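J.: Take a look and give me a structure for this.
(3 chains, ligands or ions: 3)
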Amino acid sequence: MKMIIAVVQDKDSNQLSNAFIEADVRATKLSTTGGFLRSGNTTFMIGIDDERVDEVLEIIKQSSSKRGEYLVPPVNVEGQAETTYPLEIEVGGATVFILPVERFLHF
Amino acid sequence: MKMIIAVVQDKDSNQLSNAFIEADVRATKLSTTGGFLRSGNTTFMIGIDDERVDEVLEIIKQSSSKRGEYLVPPVNVEGQAETTYPLEIEVGGATVFILPVERFLHF
Amino acid sequence: MKMIIAVVQDKDSNQLSNAFIEADVRATKLSTTGGFLRSGNTTFMIGIDDERVDEVLEIIKQSSSKRGEYLVPPVNVEGQAETTYPLEIEVGGATVFILPVERFLHF
Ligand code: NI
Ligand code: NI
Ligand code: NI
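T.: Ligands and ions are numbered 1, 2, ... in the order given. A predicted model of the protein is given here:
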């Protein structure tokens, strides 16, 4: 049994929640602010058997990796785009800790 | 020193808080949503000396174990109960992790 | 890599946040209530390389140690102070756990 703590961007939080549900991974969402990923983030706490750790890491990676997204350039007041090409920005990213668990119980 | 993380149903949260206070166990309540116990839950974080771990587990067990509760059958619009006997439903339940602590300090 | 969990009084939370930013320490703030320090508290979760643990502990100590503060005695309804001298009260205090981390990843 391990405890996985994953800090992801708020914008990736819903997709990750759904991916966990689909894979039957029980994740508890902690209300958090600030921190590892500068902008708004969400922290997931997951208790998982050792043999499923890689599966959980893959789910987090799929839903929250750093990636480029294209931003449509805003149109200025004169009706002309400030730039003539889409801007690529970096979004997402996950910070993940795997902690040892001495005992796991449920009542 | 261990860190005990206990996820319990919201409905058991107040009773468990009071039981911790009565036993002089310092517990910090994390704001959490979803997760291990499907419905609304509360997560407690407890730092405790090794020799008191079993005592804390017993407190959690007493306040939050899975148990049957009898639900009075609702009366329908014709004034007749849908069933003629009380329904037993399962409530409560706690998911508990015990984590090793390398150092514990207070300033 | 270690995970440091620090529970401090709400009144010390902003100063500690700023000290972490200044030292380039990524800290995630958990929404918490009650617990180790009786009055309102804030919990910080910090992932940090082993060689920076002492630095982080020093930052927490500087921003949140228990200390005496002088309280100006309130004036009563007759316009006379209840006491003729300032009262020293104890404020602050931090409870800190250092947990082992098995793996640390970011995507
Ligand atoms: Ni089970
Ligand atoms: Ni002490
Ligand atoms: Ni990196």
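
J.: residues in chain A within reach of chain B, list them.
T.: Contacts of chain A with chain B, taken as Cβ under 8 Å from any Cβ of the partner chain, map to A:1, A:3, A:17, A:26-31, A:45, A:47, A:99-107. (Each C-beta comes from the backbone N, C-alpha and C, glycine too.)

J.: need the residues of chain A near chain C, please.
T.: A:2, A:5, A:7, A:30-36, A:41, A:43, A:57, A:60-61, A:64-66, A:92-100.

J.: Quick check: PyMOL command selecting the buried ones in the residues of chain A next to chain B.
T.: A single PyMOL command selects the buried members of the residues of chain A next to chain B (16 or more other Cβ atoms under 10 Å in any protein chain shown):
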select buried, chain A and resi 3+17+26+27+28+29+30+45+47+99+101+106+107
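
J.: Let's see which of the residues of chain A next to chain B end up in helices.
T.: Among these, the members falling in helices (DSSP state H) are A:Ser17.

J.: Which members of the residues of chain A next to chain B occur in strands, if any?
T.: If you go by DSSP state E, those have A:3, A:27-30, A:45, A:47, A:99-100, A:103-106 in strands.

J.: what two of the residues you listed are the furthest from one another?
T.: The largest separation in these, counting by Cβ to Cβ, is between A:Lys29 and A:Arg103 at 23.5 Å.

J.: Now do the strands in chain A.
T.: Assigned by DSSP E, chain A shows strands spanning A:2-9, A:27-30, A:32-33, A:41-48, A:67-71, A:87-91, A:94-100, A:103-106.

J.: For those strands, which has the smallest mean pLDDT value?
T.: Among those, strand A:32-33 carries the lowest mean pLDDT, at a mean of 74.

J.: quick one: contacts of it?
T.: Applying Cβ atoms under 8 Å, 6 or more residues apart in numbering or on different chains, the contact partners of strand A:32-33 are A:7, A:40-43, C:28-31, C:45.
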